[in-house]
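Engineer: Fold the following, please.
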Amino acid sequence: MPSPPPIIIKKKGGHGGHHGGAWKVAYADFVTAMMALFIVLWLMNTSAPVKEAVAGYFKDPSGTSKMVGSGLAGAADNFTINKDNMHELKDQLERAIHEVPEFDTLKNHIDMTVTNEGLRIELTESAAGTFFESGSSNMSHEGADLLKLLAHELGKLPNHIAMEGHTDAKPYKPTASYSNWELSVDRANAARRLMQNSGLQSDQVSQVRGFADQKLRKPDAPQDPSNRRISLIVQYLNKTKETSAEDAAQTTEAGKGEKGEKSDAAAKPESSEKPPDKPAEKTPEKAQEKH
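Structural biologist: You can find the predicted model right below:
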């Protein structure tokens, strides 16, 4: 009887369960979660402009939409407003204002026009008061938010800003020690203080004007609420200031060249005058010989 074939048992070697790769997936998830946590903590402690820029990037990474993070953002050092591109600033500000939460209630009270003086931004009041409390320079919450946004955008520019305050023709009581003149100036100054604390450069404001009811928006309706307004004028940049540094450098170089020429010219007469000096030096010796 033939013997049965031998049975061969092969043992497959392998790593234990604790040496598998599942732990790598769990560790990667943990590291990702920690990174996200650190980013959130960092953003919570950053300034508002940084938060807006980061939010704008995630809304539009390509930077082509009408969101925060595109347009003039990040290009302040290379963006100079003049008569040729003032309309670009107007379009940029209009896009930025659309981001204000209360834009639907404010859009009819914001007017931007390009004038001979620059870009004029007018914030007009309603009968109930939109940007300021009635008869006061105390600013509303909506007005403060809008001025902060404008300060953040305009603070990137080298242009000077002029601020104006206007009132309607409704007078205060004759016995009052306060008039439309004080009110117009106080509102313009309130806007200046808030904007300088919210991104506008300390030396960027060139003028603060108060006109009371002398420049009505609607002369045929002197007591219309829209006559009560503040105006921000982004003034054209003076071209002489743009080229002053270059002119100074050229003047310095030219001055150096002229000085060099003058020094050479001055050196030549000195060399020509030296021969006459030599006899003068010898005259005492000749006088001594005569004695």
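
Engineer: ok, and the closest non-adjacent residue to E102?
Structural biologist: Spatially, and ignoring its direct neighbours in sequence, E102 is nearest to E142 (4.7 Å; CB to CB, 6 or more residues apart in numbering). From N, CA and C alone the C-beta is placed, and that goes for glycine too.

Engineer: pretty sure that neighbour is touching L106, no?
Structural biologist: Yes. Counting by CB atoms under 8 Å, E142 does reach L106; the two are 6.2 Å apart.

Engineer: Residues that sit against both of these two, list them.
Structural biologist: Common neighbours of E142 and L106, using CB atoms under 8 Å, 6 or more residues apart in numbering, are 100, 130.

Engineer: in the stretch 51-200 of the chain, which spans are helices?
Structural biologist: All helices of the stretch 51-200 of the chain, identified by DSSP state H, counting those that start in this stretch, fall at 86-97, 103-106, 141-154, 180-196.

Engineer: give me every residue that touches the residue nearest to E102.
Structural biologist: Applying CB under 8 Å, 6+ apart, the residues contacting E142 are 100, 102, 105-106, 130-131.

Engineer: same question, F211
Structural biologist: Neighbours of F211 in contact, by CB under 8 Å, 6+ apart: 164-166, 184.

Engineer: ok, of those, which one's closest to N82?
Structural biologist: E164 (21.8 Å; CB to CB).

Engineer: what is that closest one paired to in the beta sheet?
Structural biologist: Here E164 sits in beta bridges with R209, S231, going by DSSP bridges.

Engineer: Where among the helices of the stretch 51-200 of the chain is average confidence lowest?
Structural biologist: Among these, helix 103-106 carries the lowest mean pLDDT, at a mean of 82.

Engineer: Give the buried residues for that helix.
Structural biologist: Residues of helix 103-106 classed as buried: L106 (neighbour count, 16 or more other CB atoms under 10 Å).

Engineer: Name the residues that touch that helix?
Structural biologist: Contacts for helix 103-106 (CB under 8 Å, 6+ apart): 97, 100, 130, 142, 146.

Engineer: sorry, back to before: next, work out how far apart the residue nearest to E102 and A151 are.
Structural biologist: 15 Å (CB to CB, to the nearest Å).

Engineer: same deal with S140?
Structural biologist: On the measure of CB to CB, S140 and A151 end up 16 Å apart.

Engineer: Please say which of these two ends up with more neighbours.
Structural biologist: Taking neighbours as other CB atoms under 10 Å, S140 and A151 compare with A151 leading, 22 against 15.

Engineer: So that one sits against R193, correct?
Structural biologist: No. Applying CB under 8 Å, one finds A151 not in contact with R193, separated by 10.6 Å.

Engineer: three-state assignment of P49?
Structural biologist: Following DSSP: H, G, I helix; E, B strand; the rest coil, P49 is assigned to helix.

Engineer: Quick check, it in contact with G199.
Structural biologist: Yes. Taking CB under 8 Å as the definition, P49 is a contact partner of G199 at 7.2 Å.

Engineer: any common contacting residues for those two?
Structural biologist: What both P49 and G199 touch, as defined by CB under 8 Å, 6+ apart, is the set H152.

Engineer: Comparing those two, which residue is more hemmed in?
Structural biologist: G199 (20 against 15).

Engineer: ok, that one to M112 distance?
Structural biologist: Relative to M112, and taking CB to CB, G199 is found at 19 Å.

Engineer: do the same with Q235
Structural biologist: Separation of Q235 from M112 (CB to CB) stands at 15 Å.

Engineer: how near is the residue nearest to E102 to S126?
Structural biologist: In terms of CB to CB, E142 sits 11 Å off from S126.

Engineer: shared neighbours of the two, anything?
Structural biologist: By CB under 8 Å, 6+ apart, no residue touches both E142 and S126.

Engineer: just the strands in the protein please.
Structural biologist: Along the chain, counting by DSSP state E, strands occupy 110-114, 118-124, 161-166, 205-212, 229-235.

Engineer: With mean pLDDT and distance to Q223 as new columns, can these be given to me in TSV?
Structural biologist: Listed next are those as TSV, based on pLDDT from 0 to 100; distance: least, CB to CB, whole Å:
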stretch	mean pLDDT	distance to Q223
strand 110-114	92	19
strand 118-124	94	14
strand 161-166	96	13
strand 205-212	95	13
strand 229-235	95	14
